[in-house]
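Colleague: With the input below, show me the fold.
(chains A and B)
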There are 2 protein chains.
Amino acid sequence: MKVVITGGTGMLGRRLALRLLAAPDDQSELVGPSGRTEALDHLILVDAFEPAEPPPEDPRVTVVSANICDSAVARQVIDDSVDSVFHFAAVVSGGAEADFDLGYQVNLDGARNVFEACRASTGIPRVVFTSSLAVYGGFRDIVDDTPLTPQTSYGAQKAIGELMVNDYSRKGFFDGRSLRLPTIVVRPGKPNKAASGFASSILREPLQGEGVSCPVSAETRMLILSPRRAVQAFIDVHNSDAEQLGFRRGVMMNGISPSIGEMASALREIAGDKVADRISWEPDAQIQWMVDSWPWFADGVRGRELGFQPDGSIEEVIQNFIDDELDGQIAN
Amino acid sequence: MKVVITGGTGMLGRRLALRLLAAPDDQSELVGPSGRTEALDHLILVDAFEPAEPPPEDPRVTVVSANICDSAVARQVIDDSVDSVFHFAAVVSGGAEADFDLGYQVNLDGARNVFEACRASTGIPRVVFTSSLAVYGGFRDIVDDTPLTPQTSYGAQKAIGELMVNDYSRKGFFDGRSLRLPTIVVRPGKPNKAASGFASSILREPLQGEGVSCPVSAETRMLILSPRRAVQAFIDVHNSDAEQLGFRRGVMMNGISPSIGEMASALREIAGDKVADRISWEPDAQIQWMVDSWPWFADGVRGRELGFQPDGSIEEVIQNFIDDELDGQIAN
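Modeller: Prediction:
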C-alpha cells in the first residue's frame, strides 16, 4: 500500500506514522484495496513546516516539504498509485480565529486541493479527514444528530470539509470518512496556537518542571482524548466498513470530560503537590469564551458501535503521557 | 439605499426587484442602516445570463451582465456604498449534480466572492443568502435542529454557504441571514435544470395548453412555496432583527406538503378534466431518488416566530399563478 499523511511530520501525523511502521513488514494495520490489511510499501509524509521532532527513519518513508495549499503539490503527492490519505494539515483554532484568510486558505482550500487530487487519482483512495468537536457550538451535550453550528472559524472550516467529504464520497470520487476529534490531551512538545492548548500545558509543563498559567475556570469541562487513543481511532475509522458508515461519513469520537479542576487534582495525585502547585490560575475571557462554545459531554452511538474507544480516565491519560513521552520521569 | 441582487434578472430576482420597486419612492419595504425602512435609491441586478423576461424599467435600476464567479466582478458590483445584497445566483440541483465542477464553482466559489466583496466593503451590508431545504437529507420530517446531511451536491454547496454566512456574520464582516427555501411552485417560465422542476411543470404546462410528463409517483410529497410567498419571505428575512436571529443565521422556511397526486387533483378541480388530463405519468428512477432524499414535512418554530408565512393551500398556489402569471386565463 501507498499511504499519504498531510501534516505528516506534525504531532499526530508523526505518531500515526510511527505506529503504522511498527507493524510487521508484510502486513500493516491498514485495510487496503483488497478489503484486508495489506503491507505498507510506501509512506509519504507531506508537511509545510520544519519537523519539530525527527521524522521516522525507515526506508519506506519519504518526507516531502511542501504546502498542499498549492493544488499542483497536492496532485503531485497524491498520484494515481495512492491507496490511502490521512489529511491532518490544518491551521488550528486559535490560528484560524486570528488570521481569517489563512484559516480558509489552509482549512478549506487546502482540504479541497487534497480532495480534488484524490478525485483525479485513477483509484478510489480511502481518505480520512481530521475534523473536530469544534464543529459543534452552543450545545453542552452532543449526540450523533446534534446539528453542526460552529462558533469559531476553525469549526466552520471543519464542518465545510465534512460536507465535501460526504459529497465526494457519495459521488464515488473517493471513499472518505471524517473523524470529529475531542481536544487532544496531553499534547507533547511545544504549545501551539490552539485555543485549547492550555488543557495540555497545565499537565505537560508542570511534569517537566515548568510553571504554567491556566486561562479558564476550574469548573470548565473539556472533552479530551489522548494522542495514543487518537492514533488508534484514525486507524479504526480508516478501516471502518463503508457500508456501515452509510451516507454520513462524519463520526463523532467520544472523549472523557474531566473538569479542569479534576485534571489538576489528578496531576496532584500522580505527581505530588510540588508539581501540581506549578499551575497558576489567570482567567482569560477570550479563551474562556471560545472554550465555553464547545461541548462538555459526548455520547455518540455510531462511534461506539464502530468500536472506537475513548480513554479510561484522566489518570490513565496522564500516566500514559509520562510513560510515552517522558520515559516515565517526572521533574520534581 | 443601494441594493444588489445577484441572479437579479432570474425568476426570483426579477420578482423581488419588481416588488421592491412597487413601494413608494420615499420608503421601500427594506430596513436600511438606520434600522427603519428607507428609500430605495439604486437597485443593481447582476446576472450572467440573458434575461428570459424583460428586466424592470425604472430609473433606479442598473442591469449588469457579469459573472460573480469572477472575484473582481463581485467586488466591482458590491462596492463601499452597498447596503443590502440578495444572493440568488446559483446552479440549480440538477445542474450541480450533472456538472460537479460548475456547481462548486458557482455555488461555493461564487458565493464566497460575494461574501468577500461584502467583507471588503467599508459598511456592514445585510446579506440574504438563498439556501434550500436540499441542505437536509434522509429525514422525512424536519425541524429547526435537524442536522444538515445533504444528499446532493447542490444541498452540500448550500449548507457550506450557510456555514460561511454564520462565520462571516459572527466576525462582523456583514450581517448575514440564510433562508432555506422549499421547492418553488408554480415556477413561471420555461423549465430549468432543477430536479424539482416537474412539480411546477405538471401545473404550469397543462394550464397553458401543453402536455407534460410527471417523473415521480402520485404518493410523493414535496414541500412547496409559491413565488409570491418566497418574495415576501426574502423581504421578511432581510428585515429580521439580527439579535433575534442570534448566532444561527439560517432560517428554515416552512412550506405546505401536498402529494403530487393532490396537486394534480387540485388542478383538476380548478381547471377541469381537459387540463388535468394533460399530465401523463412516466416514472424516472433518478429523479424519484433525488426527490425522495428531500424532506416531506417542515415544522420550523424559528421561521414561524419571525412571522414568515407559507401558502394556505395548493389550491391558493394554483389560483395565484393563474392570476399573477396567466392574467387569469386558462388554456382549455
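Colleague: OK, contacts around the residue in the stretch 201-332 of chain A that chain B sits nearest to?
Modeller: Per CB to the nearest CB, A:Arg248 is where the stretch 201-332 of chain A lies closest to chain B, at 5.6 Å. C-beta coordinates here come from the backbone N, C-alpha and C atoms, glycine included. Shown in contact with A:Arg248 (CB atoms under 8 Å, 6 or more residues apart in numbering or on different chains): A:Asn166, B:Gly138, B:Thr149.
Colleague: And for A:Gln76?
Modeller: Shown in contact with A:Gln76 (CB under 8 Å, 6+ apart): A:Ala66.
Colleague: got the buried residues for the helix or strand it falls within?
Modeller: Element membership of A:Gln76 [criterion: DSSP states H and E] is helix A:71-77. By neighbour count with 16 or more other CB atoms under 10 Å in any protein chain shown, helix A:71-77 contains the buried residues A:Ser71, A:Val73, A:Ala74, A:Arg75, A:Val77.
Colleague: do you know how far the first one is from A:Glu162?
Modeller: This points to A:Ser71. The spacing between A:Ser71 and A:Glu162, counted by CB to CB, to the nearest Å, is 21 Å.
Colleague: Same check on A:Pro310?
Modeller: Taking CB to CB, one finds A:Pro310 at 20 Å from A:Glu162.
Colleague: Confirm A:Pro55 sits in a strand?
Modeller: No. A:Pro55: not assigned to a strand; according to DSSP: H, G, I helix; E, B strand; the rest coil it is coil.
Colleague: Just give the number of residues close to it.
Modeller: 17 (other CB atoms under 10 Å in any protein chain shown).
Colleague: Pretty sure it sits against A:Val61.
Modeller: Yes. With contacts counted by CB atoms under 8 Å, A:Pro55 reaches A:Val61, the gap being 6.7 Å.
Colleague: Give the residues shared as contacts by those two.
Modeller: Listed as contacting both A:Pro55 and A:Val61 by CB under 8 Å, 6+ apart are A:Ala17, A:Leu45.
Colleague: and which of the buried residues of helix A:71-77 is nearest to chain B?
Modeller: A:Ser71 (13.2 Å).
Colleague: What pLDDT does the model give the closest one?
Modeller: pLDDT, A:Ser71: 96.
Colleague: ok, the closest residue to it other than its chain neighbours - contacts?
Modeller: Distances taken as CB to CB, 6 or more residues apart in numbering or on different chains place A:Asn113 nearest to A:Ser71, at 4.5 Å, with adjacent residues excluded. For A:Asn113, the contact set (CB under 8 Å, 6+ apart) comprises A:Ile68, A:Cys69, A:Asp70, A:Ser71, A:Val73, A:Ala74, A:Arg75.
Colleague: What is the burial count for A:Ala271?
Modeller: A:Ala271 is flanked by 19 other residues according to other CB under 10 Å.
Colleague: so what's it closest to, chain neighbours aside?
Modeller: Excluding its sequence neighbours, the residue lying closest to A:Ala271 (CB to CB, 6+ apart) is A:Ile330, at 5.0 Å.
Colleague: Tell me if I'm right that A:Lys171 and B:Asp101 touch.
Modeller: No. Judged on CB under 8 Å, A:Lys171 makes no contact with B:Asp101 at a distance of 11.5 Å.
Colleague: still on that earlier bit, of the contacts of A:Arg248, just the buried ones, ChimeraX syntax please.
Modeller: Here is the ChimeraX command that selects the buried residues among those (16+ other CB under 10 Å):
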select /A:166 /B:138,149
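Colleague: Check the offset of stretch A:48-63 from the chain's centre.
Modeller: 18 Å (CA atoms, centre = their mean, to the nearest Å).
Colleague: and the gap between A:Val39 and A:Met1?
Modeller: Not quite, residue A:39 is Ala, not Val. Counting by CB to CB, the gap from A:Ala39 to A:Met1 is 7 Å.
Colleague: ignore the last one, A:Tyr168
Modeller: A:Tyr168 is 21 Å from A:Met1, by CB to CB.
Colleague: Chain A: helices as residue ranges?
Modeller: For chain A, the helices defined by DSSP state H occupy A:11-21, A:71-77, A:93-98, A:100-103, A:111-120, A:153-170, A:198-207, A:227-239, A:242-245, A:260-271, A:273-276, A:285-292, A:301-305, A:314-325.
Colleague: Pick the most buried one from the ones you listed.
Modeller: Among the helices of chain A, the stretch with the highest mean neighbour count (mean count of other CB atoms under 10 Å in any protein chain shown) is helix A:153-170, at a mean of 27.
Colleague: Out of the contacts of A:Arg248, the closest to A:Ala298 would be?
Modeller: Ranked by distance to A:Ala298 (CB to CB), these are led by B:Thr149 at 18.5 Å.
Colleague: neighbours around A:Val251, how many?
Modeller: Quick note: A:Val251 (other CB under 10 Å) scores 23 neighbours.
Colleague: Report the beta-bridge partners for it.
Modeller: A:Val251 forms beta bridges with A:Leu179, as assigned by DSSP bridges.
Colleague: Was I right to think it contacts A:Arg180?
Modeller: Yes. Contact status for A:Val251 versus A:Arg180: in contact at 6.8 Å, counting by CB under 8 Å.
Colleague: So which residues on the stretch 51-200 of chain A come close to chain B?
Modeller: Within the stretch 51-200 of chain A, the residues that sit near chain B (CB under 8 Å from any CB of the partner chain) are A:100, A:137-138, A:145-151, A:153, A:156, A:159-160, A:163-164, A:166-167, A:170-171.
Colleague: quick one, phi psi at A:Gln208?
Modeller: A:Gln208 has phi and psi values of phi -110, psi 20 when expressed as degrees, to the nearest 10.
Colleague: Might one say that A:Arg268 is in contact with A:Arg278?
Modeller: No. Applying CB under 8 Å, one finds A:Arg268 not in contact with A:Arg278, separated by 10.6 Å.
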